[in-house]
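# I need the structure of the sequence given here:
(one chain, ligands or ions: 3)
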Amino acid sequence: MNEEQRIQQAGINQVDNNIERIKNTKSDDMIAKYFQTSYEAQSPDIKKARKRLNEDVQIHYDFAIPEDMATIGKGKKFLIRTYGCQMNEHDTEVMAGILTEMGYEATSDTNDADIILLNTCAIRENAENKVFGEIGHLKPLKIEKPDLIIGVCGCMSQEESVVDRILKKHQHIDLIFGTHNIHRLPQLVKEALFGKEMIVEVWSKEGDVIENLPKVRKGKIKAWVNIMYGCDKFCTYCIVPMTRGKERSRLPQDIIQEVRHLVAQGYQEVTLLGQNVNAYGKDFEDIEYGLGDLMNDIHKIDIPRVRFTTSHPRDFDDRLIEVLAKGGNLLDHIHLPVQSGSSEILKKMNRKYTREDYLELVRKIRKAIPNATLTTDIIVGFPNETEEQFEETMTLMEEVGFEAAYTYIYSPREGTPAARKKDDVPESVKKQRLYRLNELVNKQSAASMKTYKGKTVKVLVEGESKKDPDILAGYTEKNKLVNFKGPRSSIGKIVEVEITEAKTWSLDGVMVENTVEVN
Ligand code: SAH
Ligand code: SF4
Ligand code: F3S
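Ligands and ions are numbered 1, 2, ... in the order given. Now for the predicted structure:
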């Protein structure tokens, strides 16, 4: 069997198995039964969410809006505020899709909305504070418009303490639902519309894969595509394994079909999404098929740009490096969160690699893809981080030559092992470390930007720049923001831009004449 047949066969086997499983577990009226499934725990249970009991992952292809909900939103409007990562943003696109199919229209005006959803993030305390601020702001509106439905969803809903606090202090919220309950939105909206009590439905389960959910994507140029859900890495500081369930991969053919569909709609770039995309396929029982194989198949599809995020160094294998080295539509920008440059801290973080392992991986990537651009995530002030350990992060930053980094002060998250540790590092020291690190990050970013001056780069044009409608903006293959002068007809296309000015985080330029590609 050649590779293509192998994937196809494996995919078919998986689908067959899943259909068999669904048949075995469901009555004739599959849709009705599935969507009425009642779980014992409708409120979150963080201890249960930590457990991995090897629950069977079911793949559902039977999503449908119940008939009595299909027009319930007619003449009404919805607004969703998104607070989290790309996965969270993509969930917003799914919820927008569901609400649109229910007849609702999108609005960006809070006063105009009949339903407001806050799609929340639990990764750090300040993300949560923002949401509680917004919940407070919405209270007068709810008093003024009692029919308004306000819902809280996303990762914060998966936390017991958050749900308790909303139940006790924010009775103007109508609905709380979790990350595993998105497909239940029609039923939940109905309950919220007709019920008197606050509706809480949060399943602390390992999770399923729900395939045919509708989506209203944010733009027509770049698209997110989920390739897997959840995380099993349990980094000791991180809440995600509790809020998103276990690692579970979508079947290759479902992903490939979605990418093909996006190509047909004219999309120019896809970003494959997962909390740890390098673990893609590890949960397949019948096939050996990982991220490298998936990228290899997507490489053959006629879409100009393919990105993926987020990578975990631990599962970044040689097969993926070999495939990425083929280039073409597989872009040579790799976001590879390191978190710390100290092997001792990495051990305490349960990252399962050392500084040396990380450097070795970088060497391998650079050998195979000499022009690769690396960016990263770093946490400073992990409990009891010493000055020397922090210095190791600074030296790693330089040694790898990261061109950009998202940097954070450690934020204790309830229910995670690190949050139980006594911490002797004062907040002021952590802030100082973040400041020093950011200075270095800025310096390295500015230096990498300078190398572009006078060069011509390929830019996927997204639209007007934020500051000036006469200037267009887009991103290079290496994800550098470029503001430039050019015709509006280039929006949605890949054009060549000559760089005239380099700033710390962006480039300025002028479009090279006649480079609008005809698509
Ligand atoms: N799955 C990805 C990213 C997860 S969240 C990965 O493993 O790389 C994005 C970033 O938030 C993380 O990379 C980490 O740097 C940061 N982060 C996660 N938990 C945090 C916490 N408790 N405090 C501060 N930063 C945190
Ligand atoms: Fe969190 Fe670690 Fe999973 Fe990333 S890999 S989501 S940091 S537990
Ligand atoms: Fe935040 Fe949840 Fe994403 S905690 S970072 S929205 S997975």
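# When you work out contacts or count neighbours from here on, use the C-alpha atoms and nothing else.
Fine.
# Contacts only, for the residue of the stretch 401-519 of the chain at minimum distance from ligand 2.
Of the stretch 401-519 of the chain, the residue with the smallest distance to ligand 2, taken as C-alpha to the nearest ligand atom, is Thr416 at 9.9 Å. Shown in contact with Thr416 (C-alpha atoms under 8 Å, 6 or more residues apart in numbering): Thr236, Tyr237, Cys238, Ile239.
# which of the residues you listed are close to ligand 3?
Of the residues in the contacts of Thr416, proximity to ligand 3 by C-alpha under 6 Å from any ligand atom holds for none.
# could you pull out the strands for the stretch 101-250 of the chain?
105-106, 115-120, 149-154, 175-177, 199-201, 209-210, 222-226, 228-229, 248-249 (DSSP state E, counting those that start in this stretch).
# Using CSV, please lay out those together with mean neighbour count and distance to Thr500.
Written out in CSV, the entries for these read as follows (neighbours: other C-alpha atoms under 10 Å; distance: least, C-alpha to C-alpha, whole Å):
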stretch, mean neighbour count, distance to Thr500
strand 105-106, 18, 39
strand 115-120, 23, 40
strand 149-154, 25, 42
strand 175-177, 26, 49
strand 199-201, 22, 54
strand 209-210, 16, 47
strand 222-226, 20, 26
strand 228-229, 23, 40
strand 248-249, 26, 44
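# need the residues of the stretch 101-250 of the chain near ligand 3, please.
Within the stretch 101-250 of the chain, the positions adjacent to ligand 3 are Cys121, Ala122, Ile123, Cys155, Val240 by C-alpha under 6 Å from any ligand atom.
# so which strand or helix has the residue of the stretch 351-500 of the chain found nearest ligand 2?
With C-alpha to the nearest ligand atom as the measure, Arg351 is the residue of the stretch 351-500 of the chain nearest to ligand 2, at 7.0 Å. In the assignment (DSSP states H and E), Arg351 maps to no helix and no strand.
# these two touch, right, it and Cys238?
No - counting by C-alpha atoms under 8 Å, Arg351 does not reach Cys238; the two are 10.9 Å apart.
# Looking at those two, which is more packed in?
Set side by side, Arg351 and Cys238 show unequal neighbour counts under other C-alpha atoms under 10 Å, the larger going to Cys238 at 24 against 20.
# From Gln257, how far off is that one?
Using C-alpha to C-alpha, to the nearest Å, we find Cys238 at a distance of 33 Å from Gln257.
# Dump the C-alpha coordinates for stretch 503-512 into PDB.
Listed in PDB are the C-alpha atoms of stretch 503-512, where the atom choice follows Å, rounded to 0.1, in the frame of the first residue of the first chain:
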ATOM      1  CA  LYS A 503      10.900  48.900  13.600                       C
ATOM      2  CA  THR A 504      11.000  46.700  16.700                       C
ATOM      3  CA  TRP A 505       7.900  44.700  15.900                       C
ATOM      4  CA  SER A 506       7.000  45.600  12.400                       C
ATOM      5  CA  LEU A 507       8.400  46.600   9.000                       C
ATOM      6  CA  ASP A 508       7.400  49.400   6.600                       C
ATOM      7  CA  GLY A 509       7.700  49.100   2.800                       C
ATOM      8  CA  VAL A 510       6.400  49.800  -0.700                       C
ATOM      9  CA  MET A 511       4.800  47.200  -2.900                       C
ATOM     10  CA  VAL A 512       6.900  46.100  -5.900                       C
END
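# what comes up buried for it?
In terms of neighbour count (16 or more other C-alpha atoms under 10 Å), stretch 503-512 has its buried residues at Thr504, Ser506, Leu507, Asp508, Gly509, Val510, Met511, Val512.
# which ones among those residues are found in strands?
If you go by DSSP state E, the buried residues of stretch 503-512 have Ser506, Leu507, Asp508, Gly509, Val510, Met511 in strands.
# check contacts around the second one.
Listed by C-alpha under 8 Å, 6+ apart, the contact partners of Leu507 are Met449, Lys480, Leu481, Val482, Asn483, Ile499, Thr500, Glu501.
# quick check, nearest of those to Thr310?
Comparing the contacts of Leu507 against Thr310 with C-alpha to C-alpha picks out Lys480 as the nearest, at 17.7 Å.
# Now for the closest one, how many residues are close by?
The local packing of Lys480 (other C-alpha under 10 Å) involves 17 other residues.
# The one 4 residues further on too?
Other residues near Phe484 come to 24 when the count uses other C-alpha under 10 Å.
# Residues in a beta bridge with it, which ones?
Leu472, Gly509 (DSSP bridges).
# Which among the contacts of Leu507 count as buried?
Neighbour-count burial (16+ other C-alpha under 10 Å) is assigned, among these, to Met449, Lys480, Leu481, Val482, Asn483, Ile499, Glu501.
# thought the first one was touching Asp508?
No - with contact defined as C-alpha under 8 Å, Met449 does not count as touching Asp508 (10.3 Å).
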